[in-house]
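Q: when you get a sec, could you give me coordinates for this:
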Amino acid sequence: SADDITLTNGTGAAVKGMLTGSGATYTLNLTSVTTAGDVKVGIADFGNFVVENGNRTVSLFRDGTPPTVTDVSPTGTDIPLPTTLSVTFNEEMDVTTNGTVTLSPAAGVTLTKAGTYWSNGNTTANYTLSGLANGATYTYAINNFKDKAGNVVTAVTTGLTFTIEKASVTNTPGSATLTYGGATIDLSAVDGLFTVGSGAGTRTYTIETTGTTGDGSIDGDGKTLTVTRVGDFTIGLATAATATHEACAMVTATLTVAPKVIDIAAIAGIAIPAYGGTPVTTITPTAQYTGTVSWNPSHATFAFSTQYTATITLTPKEGYTLTGVTADFFTVSGTTGTPHNGTTNPADNGVVTAIFPATTNKYAVSNTGHTATVAYGDGFFSGSDIDLTNSSLGLFTIDVNAGIAGNRRRTCWAAVSPAQQVHCGSERCFVHRKHGGYCTACHVVVGFCRCKPY
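A: Numbering: from 1, shown residues only. As a prediction, the model looks like this:
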């Protein structure tokens, strides 16, 4: 046994450990060599046996070289997310000493000893690993490991790195149908068009030629579709790489932009026909349609005492349709009659009939007053009276459609006696004695009053 062996320090010093072996060969393990040099090893006699040459001088050498790291795993770039980490040294290590392995950056990273911590003849330390991030680069920090001689490993803080691959992104195409509601569509907000993978970078949309029947363009923001003609659009989507995720190549989906049913009922720009007015030939355009107008009867200007019917033909603007418009949907201000107050249209149709009330049965009259100067007793006088209807006088220009001309004199000549005043409705005439009689009554003609002698 080890008790039968003595170890005497000389120029060297060591601590005796266990004795191993069998038969004729045994090994005395040394716990440590504290000083390199010579020691004496003696084997005592035992039983009835005498050990010859039982004392020997043995030279001891002390290992003073620190262990080094020869390999780490994982290492390299674009590696899949690992679940284990290992560090291998150049010699057998002291398994009773707890060395340290850390990764930088350390945020979120968990590193624990594996079930089999040491392997490969106690040269490799093994760990379980979690919490790494895609696309990140990590640097090892290794310290405090000792070899069996107690030498501490040379610390590793730089140079050993690995980079995790970026996560892949899958964008899945679909399809969508929209009713045209204006010129622009935010493609990123269209439900069902694409399912964009988690972590995807900046999206870029394109219009692909194959399968596209509509017309439009993608704005500078890369996602806004400006529609100039409705129809089917083959939309491409590609996403850019990020710090943690890969780029995704273009996939295509179908977007159908359907026309919107016209829903503006009021047709503007058509005035009620009035005698002497000029018929319009177009309506006031709306955001959804334009229109032309024809008249029955067809006159250059509206006639006296005539009923007119306007036929309005509507043309949808791009993105709008008459299919789906109900019968008698449209309205025109000022129409009269039945059904629908004189404005009618068939279903799914933009031909609108508008019946207006007849124009006036009285002509408009416009008389113009002027200034005239006469000398008493000249040709305009009959006695003391002046004939105001005499066209040569130039006092009035009478409209050709005027009724019987009458004149209201604010004062009358009083040649014989002071004028007398009589009334006719709200008008007032001043009259005077004439030829031995008096003006006793007035009558009104086309808004004027004049004296009427009996």
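
Q: partners of the most centrally placed residue in the chain in the sheet?
A: For the chain, the residue nearest the mean C-alpha position is residue 186 (4.4 Å; Cα atoms, centre = their mean). Taking DSSP bridges as the rule, residue 186 bridges to residue 224.

Q: check which helix or strand the nearest residue to residue 341 once chain neighbours are set aside maps to.
A: Spatial nearest neighbour of residue 341, excluding adjacent residues (Cβ to Cβ, 6 or more residues apart in numbering): residue 335 at 5.7 Å. Where you see a C-beta, it was placed from the backbone N, CA and C, and this is true even at glycine. For residue 335, there is no helix or strand it lies in under DSSP states H and E.

Q: the residue nearest to the centre of the chain reaches residue 224, doesn't it?
A: Yes: at 5.9 Å, residue 186 and residue 224 qualify as touching, with contact defined as Cβ atoms under 8 Å.

Q: gap between residue 197 and residue 240?
A: 12 Å (Cβ to Cβ, to the nearest Å).

Q: over to residue 17?
A: 64 Å.

Q: which intervals of the stretch 351-454 of the chain have sub-threshold pLDDT?
A: Across the stretch 351-454 of the chain, the ranges flagged by pLDDT under 70 are 362-364, 376-387, 389, 391, 400-454.

Q: now do 50
A: Of all residues in the stretch 351-454 of the chain, those with pLDDT under 50 make up the ranges 407-454.

Q: low pLDDT regions in this structure?
A: 407-454.

Q: tell me how far the closest residue to residue 76 other than its chain neighbours lies from residue 104.
A: Distance criterion Cβ to Cβ, 6+ apart; nearest residue to residue 76, sequence neighbours excluded, is residue 162 at 5.8 Å. The gap separating residue 162 from residue 104 is 12 Å, by Cβ to Cβ.

Q: which residues are common contacts for these two?
A: residue 138 (Cβ atoms under 8 Å, 6 or more residues apart in numbering).

Q: other residues contacting stretch 148-157?
A: Contacts for stretch 148-157 (Cβ under 8 Å, 6+ apart): 32-33, 62-69, 89, 91-94, 99, 139-147.

Q: can you select the buried ones from the residues you listed in ChimeraX?
A: Per 16 or more other Cβ atoms under 10 Å, the buried members of those correspond to this ChimeraX selection:
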select :33,62,66,67,69,89,91,93,94,99,140,141,142,145,146,147
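
Q: so which of the contacts of stretch 148-157 are in helices?
A: Assigned to helices by DSSP state H, none of those qualify.

Q: can you tell me which of the contacts of stretch 148-157 are in strands?
A: The strands, defined by DSSP state E, take in 32, 33, 69, 89, 139, 140, 141, 142, 143 from these.

Q: can you redo those residues as JSON lines with distance to residue 267?
A: Below are those laid out as JSON lines (distance: Cβ to Cβ, whole Å):
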{"residue": "32", "distance to residue 267": "108"}
{"residue": "33", "distance to residue 267": "111"}
{"residue": "69", "distance to residue 267": "88"}
{"residue": "89", "distance to residue 267": "92"}
{"residue": "139", "distance to residue 267": "76"}
{"residue": "140", "distance to residue 267": "80"}
{"residue": "141", "distance to residue 267": "81"}
{"residue": "142", "distance to residue 267": "85"}
{"residue": "143", "distance to residue 267": "87"}
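
Q: tell me the one of those nearest residue 116?
A: residue 89 (16.0 Å; Cβ to Cβ).

Q: how close does the closest one get to residue 75?
A: In terms of Cβ to Cβ, residue 89 sits 16 Å off from residue 75.

Q: hmm, which two among the ones in strands among the contacts of stretch 148-157 are most spread apart?
A: 33 and 139 (36.0 Å).

Q: show the contacting residues for residue 361.
A: 304, 305.

Q: part of a helix, is it?
A: No: checked against DSSP: H, G, I helix; E, B strand; the rest coil, residue 361 lies outside a helix; its state is coil.

Q: how near is it to residue 275?
A: On the measure of Cβ to Cβ, residue 361 and residue 275 end up 9 Å apart.

Q: give me the common contacts of those two.
A: With Cβ under 8 Å, 6+ apart, residue 361 and residue 275 have common neighbours 304, 305.

Q: the residue nearest to residue 277 when sequence neighbours are not counted: how many residues sit nearby?
A: In space, and not counting its chain neighbours, residue 277 is closest to residue 302: 4.8 Å by Cβ to Cβ, 6+ apart. Residues within reach of residue 302, counting by other Cβ atoms under 10 Å, total 21.

Q: thought residue 302 was touching residue 276?
A: Yes: if you go by Cβ under 8 Å, residue 302 and residue 276 touch, sitting 6.5 Å apart.

Q: run through the bridge partners of residue 39.
A: residue 9, residue 58.

Q: please apply the same query to the one 10 residues further on.
A: Applying DSSP bridges to residue 49 yields these beta-bridge partners: residue 46.

Q: and it, how far is that from residue 176?
A: Taken as Cβ to Cβ, the span from residue 49 to residue 176 is 100 Å.

Q: before we move on, what about residue 388?
A: Distance from residue 388 to residue 176, by Cβ to Cβ: 83 Å.

Q: repeat for residue 340
A: 38 Å.

Q: number of nearby residues for residue 46?
A: 11.
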